[in-house]
Every structure is written in structure tokens, then in C-alpha cells.
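J.: Quick one, what's the 3D model for this:
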Amino acid sequence: MATPSSPPASRRWLALALIAMAQFMVIMDTSIIGVALPRMQQDLGFSQENLSWVFNAYVVAFGGLLLLGGRLSDLFGARRLFSTGWLVLLIGSVVAGAAGNVGVELIGRAAQGVGAALIAPSALTLLMMLFGANPKELTKALALYGAAAPAGGTAGVFLGGVITEYISWPWVFYINVPIAILALIAAPALMPAGGAGARGSIDILGALTVTAGLGSAVYAIVRAPEVGWASAEVWGVLVAAGVLLVIFAATQASRSEPLMRLSIFRTPNLGAANLVQLLLGGAWIPMWFFLNLYLQQVLGYSAFPSGAALLPMTILIMIGMIALAPAAINRFGPKAMIVTGLTILAAGMGWLSMIRPDGNFWVDVLPASLVAALGMSVAFIPSLGTAISSARPEEGGLAAGIVNTSYQVGSALGLATMTAVAASYGADRLGDLSALTDGFSAAFLGAGIIALAGAVLAVLTLRSPRTAADEPSPAQFGDAESASGR
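T.: Model prediction:
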């Protein structure tokens, strides 16, 4: 049943469409630049090692500020933060598209990440407000919402190819402008006005330390292949990152109103499910990043064919998320599907690691990428639903922020680590097809190991509904009141 401030039932599904579009967009913005990277590298002067910062500038800001976004959603209202995030994303997109040098480009990408950090937790909170009281509707809504994330990531590659090939790379950012305007107009009419009312302060120190700590860790990992893992620069930045994250943890433990209540991880399955989401992002994002580079830099695809080559993954993910995953969760339970999905994803990555310098799409890319996509579609929804289901009523935004943070932090660290691995195996030698292939192959294998580690972690740490009374049932991920943030 909708709350009194919710829109009529007939309009809730339109609201869900807007929420799913928001999730689609914030994840698409992590991937749409993939096909455009070689053109941006030429025009703006990025080095091969630093090219991943076009991605990481967005993801570090996104992942680092999601906890703050969730807290602000609880304090000021999800609908207000949802609209504010779209405005910030619009501004960042204009700056990134108009950039004429590396510095301005990274500023624009970081601003996009800030906007996404406001949109993502508020969107998930709004979804729970709209559908949390009806378990069957909630399962359907989560399936559509869940499908929007990996579909947005993969579809971004295809759209980026079309735009880069037939228009120009700045339009991979400008495409956000009309969509953001549409969201700003539609949100007041479709979204529930409730959700605010929590009292408390904003932990600015926590937000700054976790973002700076994450950014420093990613910088050190990306920088290491260029200056050496033994360099004082790398270890100095890693130590600084560790200190900042320790300060963050200490402030969260000592503050009466922390950005992230550390005791929330004592909730059964919440911590384990968030670790699964972290490893899922750490495996999936490096896969599409290096697969796109393999298509362009080794197989010689131009922008549009490179994007089109990944379209089958998008179709399979959407089918899997909407049709397969909910039925499988109801039949086998979330834990079984998380383990199965991550294992299939690891198998797909292992298959991709066998790419050849003289390979082709039909043998080296399509079958393995479809296996990986199937694994992602099976694992994503149950891990997401398990992670958001156990929060206290007043911490719905925080729970949404944590699970989104887990995925984005995993994405950033996974890509940074696999970038370092790929470079150490030869991926920094542009023009040497054998060296590039060896580097990309190593990255795929590393991503597969991350996925396999997630499967093992799920087996060891996730509680089964049959043995934990407080575990959400397969048909609904937790009590509607506790999940909705109301």
C-alpha cells in the first residue's frame, strides 16, 4: 500500500520507470566513455596508464560520496536529493563535454560522480517507499531496478560507440542533458514527497576522509605500473590512504551521529552481501573496460562496431534480470543464486582470458561474454536485495548508500588493480598486438579470480533462509517497513 504522500497506484509504475532510468543513467555514465576513450586520449592527451582516470574520477566521487548521499536523503528527503542530484549531474556533463584538456575533463567527470552519489541512494529509497508494502510488487520492482544497472553499464558501451562514430565524443556527456531536464520536470509529479524528517547533523569529516582515502588508494594502484611498486610515491600514497580510512572508521565509531553507523554491519547478511556487491563490481567493470579495448586496439574495430559487439550482453542481462533471476530466487533462494551467478561469471572471465592477437568476435568474444553476462544477471539482484533488506526504518537511505558504495568502490579498486595487472603484462605497449593481448588476458583472468572469491565468500558468510530466521524470504527481501526507510 502506498503512503499518503505517495502518488496514486496507477502512477507508481511511471515513478519506477523514472527510478530505473536514474539507475540506468548513473551506471551508464561509468561505461559510455569506454568506446570514446581512444578518441579522448588523442584529443586531450591522456597517457595509456592514466586513461582509466576518465572512469575513476567519476567512480571515486560516486563511491566516496554515496554514504553522504544516503545520509542527506534521510535528513532532507529522498525526492529533494533525487532532483538535486540530477541538477549536479547535468552541470558536470556540460563541463565534461566542453573540456579541452585533461584537468577540466576530470573535474567534469568528478562532478558527474557527485550528482550520481545523490541520485542513487535517493532513487533506491524512493523505490522502497513506493513498493515496500507489497512483497510481490517489491520483487518485480527490484528486478526492473536491478536490470537497469548492468544493462546501463553494457548499453553505455553501445551508445558510446554510436555517438563516437557518427557524432563526436563530447556527446557521450551531452546526452545526459535532455534526460536530466526530463527527470527534473517529472520528479515532483511522480515521486512521493515523504521520506524526510530524520534529525541530526551531517558528518562532513567522514565524507571527506572516506572519499580522499578511496581516491588515494586508486591513484596509488594506477600509478604503480608507471613508477614501480617499490617507489616511495606509491607507498607514501597508500599509507596516506590507509590513515585516512582509519580516521574515517575512528570518527564513525566515536560520533553520536556518524555518516555510517558501523554497528549496522552486525545485521545478519548485510555485511556479507555488501562484500559480494564489492567483488561483483570489482569483476564486472574491468571486464567490459578491457573487452572494449581488446575490440578496438587488437581486433581493430572502430567505435560503432565495438559498441554493437557488446549489445548481445545487454539483451541477455535484461532478460536474465527481469525474467530469470526473480523466478530462480523464489525457487532456490538468494544465497544459491549469488553463488551460482558469481561462479558462472568467473567461468566467463576465464574463457575471455583465452583471447588471441589474431582472434575474432564470434570465437573470442561473443560466447565468453554471454556466459559472463548470464552470471552477472543471476548474481546481482539477490545480492542487492539481501544487502538493502535489513536496515532500521530510519536508515533506508544509509542502507541504499552502503550497497551502492560497495559496488562502486569495488568497481574503482577492481579496475585500478586490473589496470596495473594489464600494464605489467604488456597492455601499455600500444601497437604491439601480442603484448596488448597478454595484458588484457591477464586482466580478464584477474577479474575472474575476483568473481570466484566472491562466490567462496558467499558460501562461507551468507546465511540461508532455512537456518536464519531473520533472513529475508526468497519472495521478499526483508520486511517492507524496515526496508522502505519510512
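J.: And the helices in the stretch 1-150 of the chain?
T.: 9-31, 37-44, 53-76, 78-98, 102-131, 135-166 (DSSP state H, counting those that start in this stretch).
J.: and of those, who's closest to residue 440?
T.: Relative to residue 440, the nearest member of the helices of the stretch 1-150 of the chain by C-beta to C-beta is helix 37-44, separated by 13.8 Å. For glycine as for every other residue, the C-beta is placed from the backbone atoms N, C-alpha and C.
J.: Now do that closest one: which elements does it pack against?
T.: Under the contact criterion of 3 or more C-beta pairs under 8 Å, 6 or more residues apart in numbering; DSSP states H and E, helix 37-44 touches helix 102-131.
J.: Sort out which residues of the helix it packs on are buried, please.
T.: Buried residues in helix 102-131, defined by neighbour count with 16 or more other C-beta atoms under 10 Å: 102, 105-106, 108-131.
J.: Do I have it right that residue 288 meets residue 34?
T.: Yes - if you go by C-beta atoms under 8 Å, residue 288 and residue 34 touch, sitting 6.6 Å apart.
J.: secondary structure element for residue 304?
T.: helix 303-309 (DSSP states H and E).
J.: Domain map for the chain?
T.: 9-202+259-484, 203-258 (automatic domain parsing).
J.: among those, which is the most enclosed?
T.: Of these, the one with the most neighbours on average (mean count of other C-beta atoms under 10 Å) is domain 9-202+259-484, at a mean of 22.
J.: Let me see the mean pLDDT of that one.
T.: Averaging pLDDT along domain 9-202+259-484 yields 83.
J.: So what's the gap between the host helix or strand of residue 289 and the chain middle?
T.: Secondary-structure element containing residue 289, defined by DSSP H and E: helix 270-293. Taking the mean of its C-alpha atoms, helix 270-293 sits 8 Å from the chain's own mean (C-alpha atoms, centre = their mean, to the nearest Å).
J.: Remind me what that helix packs against, helices and strands.
T.: Under the contact definition 3+ C-beta pairs under 8 Å, 6+ apart, helix 270-293 sits against helix 135-166, helix 334-352, helix 366-388, helix 396-424, helix 433-461.
J.: Residue 362 versus residue 187, what's the distance?
T.: The spacing between residue 187 and residue 362, counted by C-beta to C-beta, to the nearest Å, is 44 Å.
J.: I should have written residue 73 there, sorry.
T.: Residue 73 is 46 Å from residue 362, by C-beta to C-beta.
J.: do the same with residue 429
T.: In terms of C-beta to C-beta, residue 429 sits 27 Å off from residue 362.
J.: Residue 449 now?
T.: Counting by C-beta to C-beta, the gap from residue 449 to residue 362 is 26 Å.
J.: Equivalent analysis for residue 210, please.
T.: Distance of residue 210 to residue 362, given as C-beta to C-beta: 44 Å.
J.: As CSV, could you dump the C-alpha coordinates of stretch 13-33?
T.: Output of stretch 13-33 as CSV, limited to C-alpha atoms (Å, rounded to 0.1, in the frame of the first residue of the first chain):
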residue,chain,number,x,y,z
TRP,A,13,5.0,2.3,-12.2
LEU,A,14,5.7,5.5,-14.0
ALA,A,15,7.7,6.6,-11.0
LEU,A,16,9.5,3.2,-11.1
ALA,A,17,10.3,3.9,-14.8
LEU,A,18,12.0,7.2,-13.7
ILE,A,19,13.8,5.5,-10.9
ALA,A,20,15.1,2.7,-13.2
MET,A,21,16.1,5.4,-15.7
ALA,A,22,18.1,7.1,-13.0
GLN,A,23,19.9,3.9,-12.1
PHE,A,24,20.4,3.2,-15.8
MET,A,25,21.9,6.6,-16.3
VAL,A,26,24.3,6.8,-13.3
ILE,A,27,25.7,3.4,-14.2
MET,A,28,25.7,4.1,-18.0
ASP,A,29,27.9,7.2,-17.2
THR,A,30,30.6,4.8,-15.9
SER,A,31,30.6,2.9,-19.2
ILE,A,32,29.5,5.2,-22.0
ILE,A,33,33.0,6.7,-22.2
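J.: how far out from the middle of the chain is that stretch?
T.: Centroid separation for stretch 13-33 versus its chain: 11 Å, with C-alpha atoms, centre = their mean.
J.: can you check stretch 165-183 too?
T.: 20 Å.
J.: Going forward, the N-terminal residue is numbered 26.
T.: Sounds good: first residue 26 from here, last item stretch 190-208.
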